[in-house]
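Visitor: Need a 3D model of the following:
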Amino acid sequence: MRSQGLAPAAVVRLAENLAIAARNDGGRVRVIEFRMDEEERWVTREIAASDDGGGPSSAHLFSSGGETGEEWNSFFYGTAPPSVSRVTVDGFQAEGGQVVEGAWVVALREKDANPDQVRWEFLDAFGGVIDSGTGIFPPSS
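Guide: Numbering: from 1, shown residues only. Okay, the predicted model is just below:
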């Protein structure tokens, strides 16, 4: 995980053999999956990436459907300004949301999640709401 240049706080552990993290790569947010293989080595792959739109904050959604065989099927992720410490979502079983170096990711168990279903809040370090809304932004082109 360190080989990806990620701060430890960016990593969201979803299971003993599975973790994810979001990284802000100067205009692009990447969601990276870490999965332990049969030889107990961590294998990485990018599972989602989106342009952040050039603004200080963004929210994107990658969602799988059908018989995925996975426990975690949707990933809500993006960027946040320095005043935001955490991103939360309402109405889903979720893990993650810590903002690290301007990027964040929340894993959802939900399959085929629709952006209109995702109600989010950007919180400061004391839990105060800085911004809130529903869906993704900036809009996809």
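
Visitor: Just the strands from this structure, written as ranges.
Guide: 12-15, 18-24, 28-36, 42-51, 58-63, 74-79, 86-90, 94-96, 103-108, 119-123, 129-134 (DSSP state E).

Visitor: Can you say which of those is nearest to residue 5?
Guide: Residue 5 lies closest to strand 18-24 among the strands of the chain, at 7.3 Å (Cβ to Cβ). C-beta: built from backbone N, CA, C; applies to glycine.

Visitor: if I pick the residue nearest to the spatial centre of the chain, what's in contact with it?
Guide: Nearest to the mean C-alpha position of the chain, by Cα atoms, centre = their mean, lies residue 105 at 1.5 Å. By Cβ atoms under 8 Å, 6 or more residues apart in numbering, the contact list for residue 105 reads 12, 20, 21, 22, 31, 75, 76, 77, 96, 97.

Visitor: If I look at the residue lying farthest from the centre of the chain, what pLDDT would I see?
Guide: Of all residues in the chain, residue 39 has its C-alpha farthest from the mean position, at 27.1 Å, by Cα atoms, centre = their mean. Looking at residue 39, its pLDDT reads 93.

Visitor: so how far is residue 102 from it?
Guide: Distance, residue 39 to residue 102, using Cβ to Cβ, to the nearest Å: 34 Å.

Visitor: returning to that earlier point: in TSV, list the strands of the chain along with distance to residue 5 and mean pLDDT.
Guide: Shown next, in TSV, are these (distance: least, Cβ to Cβ, whole Å; pLDDT from 0 to 100):
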stretch	distance to residue 5	mean pLDDT
strand 12-15	16	96
strand 18-24	7	95
strand 28-36	10	94
strand 42-51	11	93
strand 58-63	20	94
strand 74-79	17	96
strand 86-90	21	97
strand 94-96	19	97
strand 103-108	12	96
strand 119-123	24	97
strand 129-134	27	96
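
Visitor: Point out the one among those that comes closest to residue 6.
Guide: The nearest among these, by Cβ to Cβ, is strand 18-24 at 5.1 Å.

Visitor: tilt between that closest one and strand 58-63?
Guide: Strand 18-24 runs at 150 degrees relative to strand 58-63, counting by axes from the mean of the first three to the mean of the last three Cα atoms, to 10 degrees.
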